[in-house]
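Peer 1: Sequence and predicted structure, then a few things I'm wondering about:
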Amino acid sequence: MPPAYAAELELALLTIQRASVLTKSVLRALKSNVDAETKADDSLVTIADFAAQALIISAVHAAFPNDLFVGEESANALRENSTLCSRVWELVCSVRDAEGTLEEPGLAVPGTVDEMLDIIDLGNASDTAHGRVWVLDPVDGTATFMKGQQYAVCLALLVDGVQKLGVIGCPNLRPNHETGKISEDDVDVDGFGVMLSAIAGQRTSIRPILRAGIGEATPVERKRKELVGDLSKLDFVECALGATSLLQSRHAAVAQRFGASWPGTVLWSQQMKYVALTLGATDVMLRIPANKERWTQIWDHAGGQLIFEEVGGVITDFDGGKIDFSQGRKIKGERNLGINQGTKEPKHAEITTNAEIISTIHITSEGKKLHPEDRGNGSDWEEEQRYDRNSIHTTTISLHDTAVLLSD
């Protein structure tokens, strides 16, 4: 008997491989002239985003017609922009006929423009708590994609809100085998990068992305950094400095508490950060949002977290609570965004404690800086502590072998 979710994994691998080759081909053909629209969150959407989402959902929906989908893109921009819609449709059509495509029997493609638009909008589901739900991000890191840097093509399967499968295509990824590092500009120019995949309880694998067929899988071995109590050697992964809604100054403050340099590795794509953690290219990831209105999106984390967990990574909040993917399109935390394993790990506990201290420092209306050690010294602390912790709802720290998602 094949292992659980074996059929889903094979389909997901073929689907993500096809979408990865598509996006890489677009990047090579158009270079800096990629047509783009601006989304509400000010990130860029390219024709590759829309075409990849159409192809991913089309393939999976044909095989599992009763499953739901949560995707980043909506077809509204295509319905409002006929020129952009035509470019996306041309790209989708080219998949069927282009030499060396990943088209396989049963790997569906939309048959008409209207069908393409409807398929893209199948990704508008919001209930992730019940049944089987596929979560996808057709191009995670669109801004760096357009620069020819690192990006990810992502697909995950949730069952009753729990991650069961994850596949991440990294079309530009070429890990530096000498240093073990990953950088935005060290890209696979000639090939199509690699894919990482995992089924819950069955470890993580990596394989090359090919034009046809599925490449041979190699188990990802956990590369544990032996710090021997010296946390100054930790590598902190960060997105592009200054171009984020996160409180990077607080990220830097956590690193400075350990004497670690900051930033270490710089990657824009959120899912590429999970890839870097999984491969041991970095050690710590922090996410302290600037305000309580900034909820993190489910497609930025689903699948990537599972892939990291399957090499021994652990993701927790301040309280060791479980990451909750059952709350819809956004990860919303009431102190329930993590898992309990690893909270007794000394390095993990020390980083968590210091991050909590840093993230709960607050300036009162009188200009007084309040620290956790001020607890019990007056009512100001209790009032400001409640205010500040309510505003810090999604803080993530990921140590390579023990990741932490801090939330309130």
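Peer 2: That came through, no problem.
Peer 1: only C-alpha atoms for contact and neighbour calcs from this point on.
Peer 2: Noted.
Peer 1: can you list contacts of the longest helix anywhere in the chain?
Peer 2: Across the chain, the longest stretch assigned as helix under DSSP state H is helix 6-30. For helix 6-30, the external contacting residues (Cα atoms under 8 Å, 6 or more residues apart in numbering) are 34, 48-49, 52, 55-56, 59-60, 95, 101-103, 107, 138, 145-146, 148, 153-155, 165, 167-172, 192, 195, 197, 199, 209-211, 213-214.
Peer 1: Any regions of the protein where pLDDT drops low?
Peer 2: 30-45, 97-106, 177-178, 222-229, 241-244, 291-294, 316-321, 332-408 (pLDDT under 70).
Peer 1: got the domain boundaries for it?
Peer 2: 6-219, 231-406 (automatic domain parsing).
Peer 1: I'd like those written out as CSV, with mean neighbour count added.
Peer 2: Output for the domains of the chain, formatted as CSV (neighbours: other Cα atoms under 10 Å):
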stretch, mean neighbour count
domain 6-219, 20
domain 231-406, 20
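Peer 1: Surely residue 198 is in a helix?
Peer 2: No: secondary structure assignment (DSSP: H, G, I helix; E, B strand; the rest coil) places residue 198 in strand, not in a helix.
Peer 1: And the helices in the stretch 51-200 of the chain?
Peer 2: 76-80, 82-97, 113-121, 142-145 (DSSP state H, counting those that start in this stretch).
Peer 1: Including distance to residue 265, could the ones you listed go into JSON lines?
Peer 2: As requested, the helices of the stretch 51-200 of the chain are exported to JSON lines (distance: least, Cα to Cα, whole Å):
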{"stretch": "helix 76-80", "distance to residue 265": "34"}
{"stretch": "helix 82-97", "distance to residue 265": "34"}
{"stretch": "helix 113-121", "distance to residue 265": "34"}
{"stretch": "helix 142-145", "distance to residue 265": "15"}
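Peer 1: Which of the ones you listed sits closest to residue 296?
Peer 2: Nearest to residue 296 among the helices of the stretch 51-200 of the chain is helix 142-145; the distance by Cα to Cα comes to 16.6 Å.
Peer 1: hey, C-alpha coordinates of the closest one in CSV?
Peer 2: Only the C-alpha atoms of helix 142-145 are listed here, as CSV (Å, rounded to 0.1, in the frame of the first residue of the first chain):
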residue,chain,number,x,y,z
THR,A,142,7.1,38.9,-6.8
ALA,A,143,9.4,41.9,-6.3
THR,A,144,12.5,39.8,-6.3
PHE,A,145,11.2,37.6,-9.1
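Peer 1: Counting by contacts, list what it packs against.
Peer 2: Contact here means 3 or more Cα pairs under 8 Å, 6 or more residues apart in numbering; DSSP states H and E; on that basis helix 142-145 packs against strand 44-46.
Peer 1: Distance-wise, check the closest residue to residue 91 other than its chain neighbours relative to residue 239.
Peer 2: Once flanking residues are discounted, residue 91 sits nearest to residue 51: 6.6 Å by Cα to Cα, 6 or more residues apart in numbering. For residue 51, the distance to residue 239 (Cα to Cα, to the nearest Å) stands at 26 Å.
Peer 1: do residue 251 as well
Peer 2: 11 Å.
Peer 1: Find the residues that touch each one of the two.
Peer 2: Joint contacts of residue 251 and residue 239 (Cα under 8 Å, 6+ apart) do not exist.
Peer 1: Check which helices and strands the helix or strand harbouring residue 255 sits against.
Peer 2: Assigned by DSSP states H and E, residue 255 belongs to helix 248-257. Counting contacts by 3+ Cα pairs under 8 Å, 6+ apart, helix 248-257 packs against helix 346-360.
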